[in-house]
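# sequence unavailable; structure follows:
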């Protein structure tokens, strides 16, 4: 699905990713954990092509296509979806209009016929129900005045509508109470299938109780320093990250 | 449905009329302005003595006045002796013979606006033998209006056919010496529309200059007068929604609205004159005076979408003279590249319990400057008067400017004036969210800008609102890198 080789990236001329390697097969869920400042959020932003994140080396191939030279919207149309840690508000633009523009753009790229307004409204209502959002949210401005949980569910709804092949969840658990977390996790689990992969970036093990990963990686100092199965998350919960960070420093020298 | 024969005879009738007009208007005056020029214009139009004198009075007033310099705009000094004040519309022979002869860039814009081909031809001034749809529409339109007793005709014709109405109302809202540009217009105005709605009549359709494309092309000094008699209603749409390339540098129009007791006038404008190129070269200087008088229980609503012109100087105003009268102003002003706009309104509350609402949305992009200037005056008799003003600015990029100049004067202790203002930008985070969902930047900006203008667009008639949205999109092209 996605193959990341020796990826190096900097933000404001500070090196953040220092040679990251990661291979994710179709249908797999990979959790990325690590201490604050390790570069976890940078990974998602670099893959999505956010301005200000400069790739200084390496490659990333999604479904066999090198994506690092593409514009952010092109990457999105290729099936890459980034669920934001803090989704921004766009006042005045209705959620429905935004979702339709988004789905239209992605379907066009995929060679699928455009949905008319009636078809789309029906689909959007279905997805609202699926993420437990009232239909009135379709009429409101994008994320405008939404609570933290509502914003995350709105993100989840977008994911469901776009049916991406790679979903990156960037600390989706931050700011969520346990109920909202469960709704989001259930939604993600419902979307798991053999042709869709997930990168779940999180600081805490808690989220992984609900979204059970196939693999867990520890990102520290811009590299993956340890990989393992889901039990690694529990080990991290117990021991913290300190032992791995030190190990990495020693290993690198 | 009209038969082909009927249509053909209608077209013939039109041609004859056009031929007649061409005959007397085939001359163009050399640049310069003096009393003889004013007399010449008046004579060419066969105007009665009183109107010639009216023009001359305006001209003499104009000579004593100075060009206003208080607006937040800058432009090279206009040489009024370097302008030709009488230039006949191009004759059919001079016009392009087919669309092949028309500037392809212009046609591309028409296409984007979704204007049908035959209308494109009319807009581009192509001499076509038959513009079937427009002709039949224009005719059914005229019949229906006549039935209702509505008068809708060029002001130059109304001078002859309804001299009493013109005499009574022209200059009654915007006097000749009202301001520098209004005085100039009063002296040399070319043509424009006259509308009269009789007592108690609800005009059966939206009146629009869209149906009178040719006339819309004529002048740089248009004059419009709308009189809505007691208890009547009219909605008037001004301006072509297609961009006009205009050679003229200066536009100084005057619009006067009279809403008598209990009448309602809704006046919508989409102004899209040539804004100049991306380096600020060329473009129209648009100095417009628009004002309405609302009598007892009358209502006047101005809605404007201003995207064109290099310089815009325009303050559609309401004099709320009668008790319980209502004034509204809804405005979207968009500037890009080197455009400058200084626009807003004046709400003059004279009567008791008068109400006014001002919603202004300014969008600045490129290196443009966009100013809102508004006056709310509560007079000494304006007991219980209320105003609400909301003034929002949206900045695209960091090289443009938005300015707000609200003036509030209250001479009555019971009057209530509210003013709200916001300034916002389109953030990188918002754009990235859109992009990450597959929406390109241009589409994203257009969605955000349209959302920002929603409150004003909903005041426009439906088809106009759609076109206004598209127009914003076109005007913003290339404004976000």
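Looks like it came in fine. Small disclaimer: the values here were computed from a predicted structure and weren't measured.
# quick one, phi/psi of the nearest residue to residue A:132 once chain neighbours are set aside?
Excluding the flanking residues, the one nearest residue A:132 by Cβ to Cβ, 6 or more residues apart in numbering or on different chains is residue A:183, at 5.5 Å. Heads up, the C-betas are built off the backbone N, CA and C, glycines and all. Backbone torsions for residue A:183, taken as degrees, to the nearest 10, come to phi -60, psi -50.
# contacts only, for residue A:183.
Neighbouring residues of residue A:183 by Cβ atoms under 8 Å, 6 or more residues apart in numbering or on different chains: A:131, A:132, A:149, A:153, A:156.
# go again using 7 Å as the cut-off
Residue A:183 makes contacts with A:131, A:132, A:153, as judged by Cβ atoms under 7 Å, 6 or more residues apart in numbering or on different chains.
# what does chain B have sitting close to chain A?
Residues of chain B lying close to chain A (Cβ under 7 Å from any Cβ of the partner chain) are B:427-430, B:432-433, B:435-440, B:443, B:447-448, B:451-452, B:454.
# let me have the contacts of residue A:183 in CSV, adding distance to residue A:107 and pLDDT as columns.
Below are these laid out as CSV (distance: Cβ to Cβ, whole Å; pLDDT from 0 to 100):
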residue, distance to residue A:107, pLDDT
A:131, 20, 88
A:132, 25, 87
A:153, 23, 91
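# spell out which residues of the stretch 101-250 of chain A are next to chain B.
Counting by Cβ under 7 Å from any Cβ, the stretch 101-250 of chain A sits next to chain B at A:101, A:102, A:105, A:106, A:158.
# can we see that at 8 Å?
Taking Cβ under 8 Å from any Cβ of the partner chain, the part of the stretch 101-250 of chain A that reaches chain B is made up of A:101, A:102, A:105, A:106, A:109, A:141, A:142, A:158, A:162.
# and those residues, which of them are in strands?
Those of those mapping onto strands are A:141, A:142, per DSSP state E.
# among the residues of the stretch 101-250 of chain A next to chain B, which one is most surrounded by other residues?
Sorting these by how many neighbours each has (other Cβ atoms under 10 Å in any protein chain shown) puts residue A:142 first, at 29 neighbours.
# from what I can see that residue touches residue A:96, true?
No - judged on Cβ atoms under 8 Å, residue A:142 makes no contact with residue A:96 at a distance of 9.6 Å.
# any shared contact partners between these two?
Residues touching both residue A:142 and residue A:96 (Cβ under 8 Å, 6+ apart): there are none.
# find the closest residue to chain A in the stretch 251-400 of chain B.
Across the stretch 251-400 of chain B, the shortest distance to chain A (Cβ to the nearest Cβ) belongs to residue B:394, at 9.4 Å.
# mind listing what that residue touches?
Residues near residue B:394 by Cβ under 8 Å, 6+ apart: B:361, B:362, B:363, B:364, B:402, B:423, B:424, B:425, B:426, B:448, B:449, B:452.
# in whatever helix or strand the second one lives in, what counts as buried?
Okay, so that is residue B:362. Applying DSSP states H and E as the criterion places residue B:362 in strand B:355-364. Buried residues in strand B:355-364, counted by 16 or more other Cβ atoms under 10 Å in any protein chain shown: B:355, B:356, B:357, B:358, B:359, B:360, B:361, B:362, B:363, B:364.
# kindly report the same for stretch A:21-31.
By 16+ other Cβ under 10 Å, the buried positions in stretch A:21-31 come out as A:22, A:24, A:28, A:29, A:30, A:31.
# for the last one, helix, strand, or coil?
Right, the one you point to is residue A:31. Three-state call for residue A:31 (DSSP: H, G, I helix; E, B strand; the rest coil): strand.
# out of the residues of chain B next to chain A, list just those in helices.
Among the residues of chain B next to chain A, the residues falling in helices (DSSP state H) are B:428-430, B:432-433, B:435-436, B:443, B:447-448, B:451-452, B:454.
# so what pairs up with the residue nearest the centre of chain A in the strands?
Centroid check for chain A by Cα atoms, centre = their mean gives residue A:168 as the closest residue, at 1.7 Å. Residue A:168 has these beta-bridge partners by DSSP bridges: residue A:82, residue A:199.
# residue contacts, it?
Residue A:168 is in contact with A:43, A:44, A:47, A:48, A:80, A:81, A:82, A:83, A:198, A:199, A:201, counting by Cβ under 8 Å, 6+ apart.
# switch to 7 Å and redo it
Residue A:168 neighbours (Cβ under 7 Å, 6+ apart): A:44, A:47, A:81, A:82, A:83, A:199, A:201.
# name the nearest of those residues relative to residue B:343.
Using Cβ to Cβ, residue A:82 comes nearest to residue B:343 of the contacts of residue A:168, at 40.9 Å.
# that closest one reaches residue A:169, doesn't it?
No - using Cβ atoms under 7 Å, residue A:82 makes no contact with residue A:169, being 8.4 Å away.
# and the helices in chain A?
Along chain A, counting by DSSP H, helices occupy A:40-48, A:72-77, A:95-109, A:117-130, A:136-139, A:148-162, A:178-191, A:206-210, A:231-239, A:242-252.
# tell me the buried residues in the second one?
What that stands for is helix A:72-77. Neighbour-count burial for helix A:72-77 flags A:72, A:73, A:74, A:75, A:76, A:77 (criterion: 16+ other Cβ under 10 Å).
# so which of the residues you listed also contact chain B?
Applying Cβ under 7 Å from any Cβ, the subset of the buried residues of helix A:72-77 adjacent to chain B comprises A:72, A:73, A:76, A:77.
# tabulate the residues you listed (CSV), appending distance to residue A:56 and pLDDT.
Shown next, in CSV, are those (distance: Cβ to Cβ, whole Å; pLDDT from 0 to 100):
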residue, distance to residue A:56, pLDDT
A:72, 18, 95
A:73, 23, 95
A:76, 23, 95
A:77, 25, 95
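# please identify which of these is nearest to residue B:167.
In terms of Cβ to Cβ, no member of these lies closer to residue B:167 than residue A:73, at 61.7 Å.
# look up the closest residue to the closest one, ignoring the ones flanking it.
Excluding the flanking residues, the one nearest residue A:73 by Cβ to Cβ, 6+ apart is residue B:435, at 4.4 Å.
# now do the contacts for the one you found.
Neighbours of residue B:435 in contact, by Cβ under 7 Å, 6+ apart: A:72, A:73, A:76, B:441, B:444.
# grab the nearest non-local neighbour of the residue of chain B found nearest chain A.
Of all residues in chain B, the one sitting closest to chain A is residue B:451 (2.8 Å; Cβ to the nearest Cβ). Distances taken as Cβ to Cβ, 6+ apart place residue A:92 nearest to residue B:451, at 2.8 Å, with adjacent residues excluded.
# is it true that that neighbour touches residue A:140?
No - with contact defined as Cβ under 7 Å, residue A:92 does not count as touching residue A:140 (10.5 Å).
# who touches the helix or strand following the strand holding residue B:362?
With elements assigned by DSSP H and E, the helix or strand that comes after strand B:355-364 is strand B:369-378. Residues outside strand B:369-378 that contact it (Cβ under 7 Å, 6+ apart) are B:72, B:315, B:333, B:335, B:340-349, B:356, B:358, B:360, B:362, B:364, B:385, B:387, B:389, B:391, B:400-412, B:415, B:417.
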